[in-house]
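Peer 1: Return a 3D structure for these sequence lines:
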Amino acid sequence: MGDARTERSVPAALTADDLRRAVRAAEGLLVEAGVPSARHDAEALAAWSLGLPRLEWYRLPAGDAPLAPALPTGATDRFLADYADAVERRRGREPLQRIVGHTVFRHVTVEVLDDVFVPRPETETVAQVAIDEAARLRGDPERTDRPPLVVDLCCGSGVIGISVDVEVPGSRVVAVDLSPDAVRATTANAGRVGSGTQRTLVGDVGDPALLAELDGTVDVVVSNPPYIPPDAVPVDPEVRDHDPDLALYGRGADGLEVPRAVVRAAARLLRPGGLFVMEHAEVQAADVRAAARAAGAFVEVRTLTDLTGRDRMVVARRAGAVGAADDPGSPHGRGRMDP
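Peer 2: Residues are numbered from 1 along each chain as shown. Down below sits the predicted model:
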């Protein structure tokens, strides 16, 4: 009788078949909860619960073979409880990135903290424009003694500036955010991925003295500011209930008070010929172009799209450039310009 009780108290070894069943069940729960990427998230949470970077089925034992020997920890006794807890959190529409504590943006993995905006894939195309410009300047033989200077305004978790620094070695990056939490996150993420030149500070883009020592010297100003109007509350619970309001709502009736402040700051900071890149909502393209034109400091004001074809960013040159026109063969194209 004692032996039987002992046998019942020892959990059976988790097998690949058990894992497949658990993932299928989790996927069903997430589908019922309206999670749009249910299969992906079910597998990502399983990998995280097992201590794996991703779930690669072909690397795991097959059938009823125990999984433990193939895992970093060599143990699976906590998996089902940990996985159930993680799936329940995702079922409640907590973002996947907040549950696992990190996300991938372009070529870097960054930490996701509770009080900081979760980076979005569409912002990668905004970063690409800034990266391409920094790379062009880095390769200019007439600028060998002047590394590209890039300012990332409203930096959030720091992914845009960090990507520039990592992908264009030798660049100098200054990142600014109003939120001390965002500045701490950016500083930590920069250190984690080996971003060596980035300087991060708390600051308000509406302050005309912000980075005044850099006025007229910056090569690229890039920004993903808050731009949601106050009456356009996001539908997705992952955004509405978990991203900080400071990173979402751009103030003013149209949500463009902060973006207009970014435009003014860029006009002041950029050197003649410097590039301005700023993300916005699809429906704001014309208004943001108008704001850039109204600053009286920009030429070649245009809208570029993201990978889904949606209007995603305004791009412009600081007036006074000599030979700084966009390359017509650029993969970004000319974009949409006003007559």
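
Peer 1: Please enumerate the strands of the stretch 201-339 of the chain.
Peer 2: 218-223, 270-279, 298-305, 311-318, 336-337 (DSSP state E, counting those that start in this stretch).

Peer 1: Can you spell out which helices and strands pack onto the fourth one?
Peer 2: Read that as strand 311-318. Applying 3 or more CB pairs under 8 Å, 6 or more residues apart in numbering; DSSP states H and E, one finds that strand 311-318 contacts helix 123-138, strand 270-279, helix 285-294, strand 298-305. For every residue, glycine as well, the C-beta is placed using N, CA and C.

Peer 1: what about that strand, distance to the chain center?
Peer 2: Strand 311-318 has its C-alpha centroid displaced from the chain centroid by 18 Å (CA atoms, centre = their mean, to the nearest Å).

Peer 1: can you tell me the average pLDDT over that strand?
Peer 2: Mean per-residue pLDDT for strand 311-318: 96.

Peer 1: The second one now?
Peer 2: Mean pLDDT, taken over the full extent of strand 270-279, equals 97.

Peer 1: spatially speaking, which residue is in the middle of the chain?
Peer 2: Central residue of the chain (CA atoms, centre = their mean): residue 119, 2.4 Å from the mean position.

Peer 1: Correct me if wrong, but it is in a strand.
Peer 2: No: remark: residue 119 does not belong to a strand; assigned using DSSP: H, G, I helix; E, B strand; the rest coil, it is coil.

Peer 1: Nearest residue to residue 226 in space, please, no chain neighbours.
Peer 2: residue 250 (4.5 Å; CB to CB, 6 or more residues apart in numbering).

Peer 1: Show me the strands in the stretch 51-200 of the chain, by range?
Peer 2: Using DSSP E, counting those that start in this stretch, strands in the stretch 51-200 of the chain cover 102-105, 108-111, 149-153, 172-177, 199-202.

Peer 1: Would you format those as JSON lines with mean neighbour count and distance to residue 218 included?
Peer 2: Shown next, in JSON lines, are the strands of the stretch 51-200 of the chain (neighbours: other CB atoms under 10 Å; distance: least, CB to CB, whole Å):
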{"stretch": "strand 102-105", "mean neighbour count": "17", "distance to residue 218": "23"}
{"stretch": "strand 108-111", "mean neighbour count": "18", "distance to residue 218": "23"}
{"stretch": "strand 149-153", "mean neighbour count": "27", "distance to residue 218": "5"}
{"stretch": "strand 172-177", "mean neighbour count": "26", "distance to residue 218": "8"}
{"stretch": "strand 199-202", "mean neighbour count": "16", "distance to residue 218": "13"}
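
Peer 1: Make a markdown table out of those strands and add distance to residue 260 and mean pLDDT.
Peer 2: Listed next are those as a markdown table, based on distance: least, CB to CB, whole Å; pLDDT from 0 to 100:
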| stretch | distance to residue 260 | mean pLDDT |
| --- | --- | --- |
| strand 102-105 | 26 | 93 |
| strand 108-111 | 28 | 92 |
| strand 149-153 | 12 | 97 |
| strand 172-177 | 16 | 96 |
| strand 199-202 | 21 | 92 |
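
Peer 1: export those strands to CSV and tack on distance to residue 28?
Peer 2: Converted to CSV, these look like this (distance: least, CB to CB, whole Å):
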stretch, distance to residue 28
strand 102-105, 25
strand 108-111, 29
strand 149-153, 41
strand 172-177, 40
strand 199-202, 43
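
Peer 1: Compare those and report which one is nearest to residue 237.
Peer 2: Closest of the strands of the stretch 51-200 of the chain to residue 237 is strand 102-105, at 17.6 Å (criterion: CB to CB).

Peer 1: Show the low-confidence segments of this structure, by residue range.
Peer 2: Residue ranges of the chain with pLDDT under 70: 1-12, 197, 321-339.

Peer 1: if we compare the strands of the stretch 51-200 of the chain, which one ends up closest to residue 259?
Peer 2: strand 149-153 (10.0 Å).

Peer 1: ok and the closest one relative to strand 172-177, angle-wise?
Peer 2: Strand 149-153 and strand 172-177 meet at an angle of 10 degrees, taking axes from the mean of the first three to the mean of the last three CA atoms, to 10 degrees as the criterion.

Peer 1: For strand 149-153, list the C-alpha coordinates in PDB.
Peer 2: The C-alpha trace of strand 149-153 is given here as PDB (Å, rounded to 0.1, in the frame of the first residue of the first chain):
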ATOM      1  CA  LEU A 149      24.600  61.800 -35.000                       C
ATOM      2  CA  VAL A 150      21.100  60.400 -34.500                       C
ATOM      3  CA  VAL A 151      18.500  61.600 -32.000                       C
ATOM      4  CA  ASP A 152      15.600  59.300 -31.100                       C
ATOM      5  CA  LEU A 153      12.800  61.300 -29.600                       C
END
